[in-house]
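Chemist: The amino acid sequence is not available; the structure is as follows:
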């Protein structure tokens, strides 16, 4: 892996120098039509959690949009285009890694924090991709035009996933927020993938992959998805539907069916719904109502209210519920978004144990570069 990264970075440096690029914002362009684009963002936040017994307050990276850095290397080949994309997380401790114990180290990078080493070729036939990168189902739950995704998404677990629910007797239950709440969204693997051209707003995708960055994980995953995105009259519509099969090296194979849909009206009013089902466990439903407006000269403002309801996600008969309030303020001049979010989690099951609700408040900013 280290040799591959070294060769990739060397290739990029050579392209930038030999191609006599001209700076155009974050993009360097060469005389032969190639380009190098550098990008990333920082996403610091402050999280406050009350588990019904104690309160915890820590600074951390926002696990819903972790800090990262990357680049694109693009080169046309006749009517087709080659692209290489490298991206890595900074591996800062995230809100999802905090719990009732001691806070983890601020930085803990290993090769599993590499997000993308992705090669693709695209043309009128669509796009073929190979390497570490997004499965077709990655982002399948993300049809959301509310503008409040930094502090409220269907992945409600991201905010405080490692915190345990406490019992009304004051003990840790062993059941984490991440156990009781799951968006069933696809992820990133070493995979091959195909994306079709857009047909009247519809795009078909399929992929097959396995985890190549972690040892001891021989699970295989394959998926098919259908996405839709189009403006119709005063509405912008965005939707996705897909199925993910995971063949486990040990344990029971799973099949996840996930759908999401979002509509944004020209007035700024918007709505989002989501649904997910895992054949071996449970399912959930999600709904969000939002409003976007230019209330201040510095940039647009977005607010939302959302609700998540899950059944049987931990044990048969268990119920998980969460609601959240969120606001995001864009600061266009700084290429920054500031945000504040409140979320409450509740959980119950068929045992005799009663659990306290858990609340989390997050505020922070994301600066893109």
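Modeler: Yep, that arrived. As the structure is a computational prediction, the values presented were derived from the model and not from experiment.

Chemist: so the closest residue to residue 132 other than its chain neighbours bridges to which residues?
Modeler: Once flanking residues are discounted, residue 132 sits nearest to residue 117: 4.4 Å by Cβ to Cβ, 6 or more residues apart in numbering. Backbone N, C-alpha and C define where each C-beta goes, glycine included. For residue 117, the beta-bridge partners are residue 86, residue 132 (DSSP bridges).

Chemist: State the number of residues packed around residue 117.
Modeler: Neighbour count of residue 117, defined by other Cβ atoms under 10 Å: 21.

Chemist: Give me the distance between the two termini of stretch 331-342.
Modeler: 21 Å (Cα to Cα, to the nearest Å).

Chemist: neighbouring contacts of it?
Modeler: 148, 150-152, 159, 298-299, 324-330, 359-369 (Cβ atoms under 8 Å, 6 or more residues apart in numbering).

Chemist: That one: which residues count as buried?
Modeler: Buried residues in stretch 331-342, counted by 16 or more other Cβ atoms under 10 Å: 336-342.

Chemist: Just those: which are in strands?
Modeler: 336-342 (DSSP state E).

Chemist: of all those, which comes closest to residue 191?
Modeler: Using Cβ to Cβ, residue 337 is the member of those that sits closest to residue 191, with 30.2 Å.

Chemist: Is the closest one bridged to anything, and to what?
Modeler: residue 330, residue 366.

Chemist: before we move on, what about residue 290?
Modeler: residue 270, residue 304.

Chemist: residues touching residue 50, list them.
Modeler: Residue 50 sits next to 56, 358-360 when contact means Cβ under 8 Å, 6+ apart.

Chemist: Out of these, flag the one nearest to residue 70.
Modeler: Closest to residue 70, out of all of the contacts of residue 50 and judged by Cβ to Cβ, is residue 360, at 28.7 Å.

Chemist: Could you give the number of residues near that closest one?
Modeler: Residues near residue 360, counting by other Cβ under 10 Å: 24.

Chemist: can you check the one 5 residues further on too?
Modeler: Neighbours of residue 365 under the rule other Cβ under 10 Å: 18.

Chemist: So it sits against residue 61, correct?
Modeler: No. The criterion here is Cβ atoms under 8 Å, and residue 365 misses it with residue 61 at 11.7 Å.

Chemist: Find residues that contact each of those two.
Modeler: With Cβ under 8 Å, 6+ apart as the test, residue 365 and residue 61 both reach 43-45.

Chemist: Restricted to strands, list those residues.
Modeler: Among the shared contacts of residue 365 and residue 61, the residues falling in strands (DSSP E) are 44-45.

Chemist: List buried residues within the shared contacts of residue 365 and residue 61.
Modeler: Using 16+ other Cβ under 10 Å, the buried ones in the shared contacts of residue 365 and residue 61 are 43, 45.

Chemist: isn't there a strand covering residue 157?
Modeler: No. Counting by DSSP: H, G, I helix; E, B strand; the rest coil, residue 157 falls outside a strand, being helix.

Chemist: burial count for it?
Modeler: 24.

Chemist: That one contacts residue 183, correct?
Modeler: Yes. If you go by Cβ under 8 Å, residue 157 and residue 183 touch, sitting 7.2 Å apart.

Chemist: can you give me the mean pLDDT across stretch 282-296?
Modeler: Across stretch 282-296, the average pLDDT comes to 98.

Chemist: now swap in stretch 190-202 and tell me
Modeler: Averaging pLDDT along stretch 190-202 yields 97.

Chemist: follow-up on the earlier one: can I get the shared contacts of residue 365 and residue 61 in TSV with distance to residue 144 and pLDDT?
Modeler: Shown next, in TSV, are the shared contacts of residue 365 and residue 61 (distance: Cβ to Cβ, whole Å; pLDDT from 0 to 100):
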residue	distance to residue 144	pLDDT
43	17	97
44	22	98
45	19	98
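
Chemist: so can I have JSON lines of the shared contacts of residue 365 and residue 61 showing distance to residue 273?
Modeler: Putting those into JSON lines (distance: Cβ to Cβ, whole Å) gives the following:
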{"residue": "43", "distance to residue 273": "26"}
{"residue": "44", "distance to residue 273": "31"}
{"residue": "45", "distance to residue 273": "27"}
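
Chemist: re the thing from before, can I get the buried part of the contacts of stretch 331-342 as one PyMOL selection?
Modeler: Selection of buried members from the contacts of stretch 331-342 for PyMOL, criterion 16+ other Cβ under 10 Å:
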select buried, resi 148+150+151+152+159+299+324+325+326+327+328+329+330+359+360+361+362+364+365+366+367
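
Chemist: Just the contacts of stretch 331-342: which are in strands?
Modeler: Applying DSSP E to the contacts of stretch 331-342, the entries found in strands are 299, 324-330, 359-368.

Chemist: Need the pLDDT of the residue lying closest to residue 358 once chain neighbours are set aside.
Modeler: Among residues not flanking residue 358 along the chain, residue 345 sits closest, at 4.6 Å (Cβ to Cβ, 6+ apart). Residue 345 carries a pLDDT value of 98.

Chemist: do the one 4 residues further on as well
Modeler: Per-residue confidence at residue 349 stands at 98 (pLDDT).

Chemist: Contact partners for the residue lying closest to it once chain neighbours are set aside?
Modeler: The shortest distance from residue 349 to any non-neighbouring residue, by Cβ to Cβ, 6+ apart, is to residue 318 (4.0 Å). Residue 318 is in contact with 180, 282, 311-312, 347-350, counting by Cβ under 8 Å, 6+ apart.

Chemist: Which of those residues has the largest number of neighbours?
Modeler: For these, neighbours tallied by other Cβ under 10 Å; top is residue 180, 28 neighbours.
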